[in-house]
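Visitor: give me the fold of what follows.
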Amino acid sequence: MEIKKAYEKLAKEYLTEFYINRNYESGSKIWDNGMFTEIQSTYNKSEKNKSPEFALKDKIKFDIEKYFKLLTSFEVHEILGSEIEKWEGKNFISVFIEYTETLKDKSETIRSVIVFIPSDDGKTWTIQDWKVNDIVKKCNEGLY
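Guide: Got it, this is the predicted structure:
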């Protein structure tokens with residue numbers, strides 16, 4: 001139970017730093033490499049956004065900054081709970097969250113998950129934040 005609570009606290013800290021404080025650099029440096037693979041796939045689906053591998057992080061940053069310009073409010077309502085899962089011999093901690101984002105005058109309450117992938121016996125970790133991939137998709141579709 002202590003482990004779950006610790007990761008729930010980390011999830012709230014990440015969401016605050018990345019979305020409320022809009023600190024791209026801080027959030028992006030702890031992303032798991034699996035996120036980048038998925039996001040590259042999203043970009044590759046759109047002819048206009050094909051970019052060489054080395055430019056991936058720059059493109060993501062550009063899209064996130066575009067989203068931040070539209071974001072007027074991001075409020076974490078609740079940590080809904082967490083689960084520890086094992087997959088291929090690794091533990092993953094999924095933290096379920098509910099938040100409201102307001103883009104200009106449109107507000108939406110969303111439920112999502114942040115997945116923590118611990119390493120070094122839990123001393124370090126990376127995260128998968130699939131909201132980032134959603135932002136990239138919406139930028140590709142011209143919605144942002």
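
Visitor: so which helix or strand of the chain has the lowest pLDDT on average?
Guide: Least confident helix or strand, the chain: helix 33-44 with a mean of 88, by mean pLDDT, DSSP states H and E.

Visitor: from the chain's centroid, how far away is that helix?
Guide: In this view, helix 33-44 has its centroid 13 Å away from the chain centroid, taken as C-alpha atoms, centre = their mean, to the nearest Å.

Visitor: stretch 97-108 now?
Guide: Chain-centre distance of stretch 97-108: 15 Å, with C-alpha atoms, centre = their mean.

Visitor: ok, stretch 104-122 next?
Guide: What separates the centre of stretch 104-122 from the centre of its chain is 6 Å, taken as C-alpha atoms, centre = their mean.

Visitor: quick check: Leu80 touching Val113?
Guide: No: look at Leu80 against Val113 with C-beta atoms under 8 Å: they stay out of range, at 9.1 Å. Quick note: C-beta positions are derived from backbone N, CA and C, even for glycine.

Visitor: name the residues contacting each of the two.
Guide: By C-beta atoms under 8 Å, 6 or more residues apart in numbering, Leu80 and Val113 have these common neighbours: 96-97.

Visitor: and the two? Which one has more around it.
Guide: More crowded of Leu80 and Val113, by other C-beta atoms under 10 Å: Val113, with 16 against 13.

Visitor: now stretch 70-86: buried residues?
Guide: Neighbour-count burial for stretch 70-86 flags 71, 74, 79, 82 (criterion: 16 or more other C-beta atoms under 10 Å).

Visitor: read off the pLDDT value for the last one.
Guide: When you say that, I think you mean Ser82. pLDDT for Ser82: 94.

Visitor: how near is Phe96 to Tyr7?
Guide: Distance, Phe96 to Tyr7, using C-beta to C-beta, to the nearest Å: 11 Å.

Visitor: tell me which of these two has more neighbours.
Guide: Neighbour count, other C-beta under 10 Å: between Phe96 and Tyr7, Tyr7 has more, with 23 against 16.

Visitor: that one and Glu83 touch, don't they?
Guide: No: applying C-beta under 8 Å as the test, Tyr7 and Glu83 come out as separate, 10.0 Å apart.

Visitor: name the nearest residue to the residue nearest the centre of the chain, ignoring sequence neighbours.
Guide: The residue lying closest to the centre of the chain (C-alpha atoms, centre = their mean) is Asp129, at 2.4 Å. The shortest distance from Asp129 to any non-neighbouring residue, by C-beta to C-beta, 6 or more residues apart in numbering, is to Ile114 (5.6 Å).
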